[in-house]
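# Here's a sequence, model it:
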Amino acid sequence: MRYLFFFVLLAAAASTVSAQKIAGEPAYPAFITDAPSEKAIPDTLYHNFFDLDPTLYQAPVGGWMNGTNAYLDREKAQEVKFTQTYLLNGFIFWFALKDKNTGGDTSSVIFKLYKKDSVNNVNGLARLVPGTVMAADTVLLSDLNVGITFAAGLNYFALPQSMVMFQNYVAGFSMDLMHPRDTVALYGSSDTKVNITDYSWEKWNGKWNTIKNAWTLDIDFAIFPVIDLTGASINETDMNSVSIFPNPASHSLNISGTQANRFVILDAQGKTISTGAINASETTLDVSSLANGYYLIGLYTGDGMDAQFYRVMIGR
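Okay, the predicted model is just below:
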């Protein structure tokens with residue numbers, strides 16, 4: 001009888017960590033479970049921001065597929081397709097929720113930027129996966145911004161120095177320093193609502209796998225590259241026909257050619273300086289009160305869809 005019990009226990013454990021995971025129904029906005037004793041190292045999920053509201057998927061084991069569950073996923077990351085050479089300055093992350101159940105302040109997430117230079121077997125095929133870590137930053141979970149609105153959940157991961165990007169790269173974060181009962185979750189797109197298929201990743205059981213292969217969900221995570229446009233207006237770099245000028249600016253900044261209807265200005269440390277509405281045809285922002293230095297301009301729609309971030313300089 002003891003051996004039979006042990007066999008049943010092993011079978012249950014195997015079913016819990018099977019390679020093929022099944023997500024539950026999507027929900028928005030998200031909420032935190034009231035059963036912290038059942039929490040486990042969380043998954044995270046992100047948003048596509050193009051044509052659908054941010055989404056969180058439920059999981060059959062332990063809560064949110066992109067929040068709390070018992071699958072013990074360790075990292076989530078988004079691959080960025082290379083389209084042209086540019087300077088990469090950092091990333092914006094939109095976290096939907098967190099639940100901190102530990103007494104101390106040691107529970108943390110680790111932001112990471114990866115080269116795509118390792119090889120894993122993904123669904124029977126050898127594929128390039130996240131490998132060399134080019135930059136990392138550890139942030140206390142207690143300091144992480146979360147919210148169902150884009151501005152409230154915005155977090156900035158600044159690279160120690162700008163990097164020239166000329167191939168696909170991967171950005172995400174690790175939960176290795178999180179307490180098992182703590183939770184953090186990113187927004188994600190709804191299934192199949194992506195521009196490029198199969199570009200989201202997770203690290204589970206020591207190996208990288210795509211979300212599409214692991215969960216049968218074709219989604220994107222809400223990780224936005226911040227582009228360094230120092231010395232050139234955006235219209236000079238053909239970035240989706242958006243124009244921000246002059247750059248550097250002294251007293252005013254003109255924005256045109258974007259589908260966004262909101263803006264946010266962040267300082268070099270990621271602190272929000274101002275937010276407001278913009279007109280898609282052309283908007284002039286008064287930046288005369290800003291001190292000299294680098295700032296991030298985020299352009300996004302009011303519901304959090306379709307966001308782009310650029311670095312500009314204020315100089316007089």
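# Show me the shaky parts of the stretch 201-316 of the chain.
Within the stretch 201-316 of the chain, the stretches with pLDDT under 70 are 228-241, 280, 303-306.
# Report the beta-bridge partners for the residue nearest the centre of the chain.
Nearest to the geometric centre of the chain sits Ile223, at 2.9 Å (CA atoms, centre = their mean). On the basis of DSSP bridges, Ile223 is bridged to Phe93.
# what do you get for Arg311?
Beta-bridge partners recorded for Arg311 (DSSP bridges): Asp228, Leu296.
# gap between Leu87 and Ala260?
Leu87 is 22 Å from Ala260, where distance means CB to CB, to the nearest Å. No exception for glycine: its C-beta is placed from N, CA and C like everyone else's.
# of those two, who's got more company?
Neighbour count, other CB atoms under 10 Å: between Leu87 and Ala260, Ala260 has more, with 20 against 17.
# Do I have it right that that one meets Asn279?
No - at 10.1 Å, Ala260 does not count as touching Asn279 under the criterion of CB atoms under 8 Å.
# Could you pull out the helices in the protein for me?
2-16, 211-215 (DSSP state H).
# quick one: average confidence on the first one?
When pLDDT is averaged over helix 2-16, the result is 39.
# Excluding chain neighbours, what is closest to Ser200?
Nearest residue to Ser200, sequence neighbours excluded (CB to CB, 6 or more residues apart in numbering): Ile211, at 4.2 Å.
# you'd agree the one you found is up against Lys203?
No - between Ile211 and Lys203 there is no contact under CB under 8 Å: 11.3 Å.
# more crowded one of these two?
The neighbour count for Ile211 versus Lys203, taken as other CB under 10 Å, is higher for Ile211 (29 against 20).
# The closest residue in space to Ala152 that isn't next to it in sequence: how many residues sit nearby?
Spatially, and ignoring its direct neighbours in sequence, Ala152 is nearest to Asn145 (6.6 Å; CB to CB, 6+ apart). Using other CB under 10 Å, Asn145 has 17 neighbouring residues.
# hang on, isn't Asn145 packed against Tyr156?
No - in this structure Asn145 lies outside contact range of Tyr156 using CB under 8 Å: 9.3 Å.
# where does Tyr28 land on pLDDT?
On pLDDT, Tyr28 comes in at 67.
# again with Arg181
Value listed for Arg181 in the pLDDT field: 75.
# Test my guess that it contacts Leu141.
No - between Arg181 and Leu141 there is no contact under CB under 8 Å: 11.3 Å.
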